[in-house]
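1. Here is a sequence with its predicted model. Questions after.
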Amino acid sequence: MNRQLDMHHDAHGADADGGAIDPVCGMTVDPDTARAAGLATRHGDTEYFFCGRGCKLEFMDDPAKYLAADYQPHM
């Protein structure tokens, strides 16, 4: 598994720069901005952040798909 994918699956909360990785498309988003826009959700014990409503809705429809080890985020 490559470093980007490891970060995608293991560090959803924040990266080293304080950004979060959208688990659907792989974009880096600001957690505070995402929360304020209603673009955050919890799954299990982890809070996930999204670049837009479409990514959030896709994730909520099938979280397991986007959290699978072999899923490659794409825009």
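-> Arrived safely.

2. Just the element for residue 54, please.
-> Per DSSP states H and E: residue 54 is located in helix 53-61.

3. tell me the mean pLDDT for that helix?
-> When pLDDT is averaged over helix 53-61, the result is 98.

4. Tell me the bridge partners for the residue lying closest to residue 63 once chain neighbours are set aside.
-> Once flanking residues are discounted, residue 63 sits nearest to residue 43: 4.9 Å by CB to CB, 6 or more residues apart in numbering. All C-beta spots, glycine's among them, are computed from the backbone N, C-alpha and C. Beta-bridge pairing for residue 43 (DSSP bridges): residue 46.

5. Residue 43: how many residues sit nearby?
-> Residues near residue 43, counting by other CB atoms under 10 Å, number 15.

6. And the one 5 residues further on, by the same measure?
-> As a burial measure, the neighbour count of residue 48 was computed by other CB under 10 Å and equals 27.
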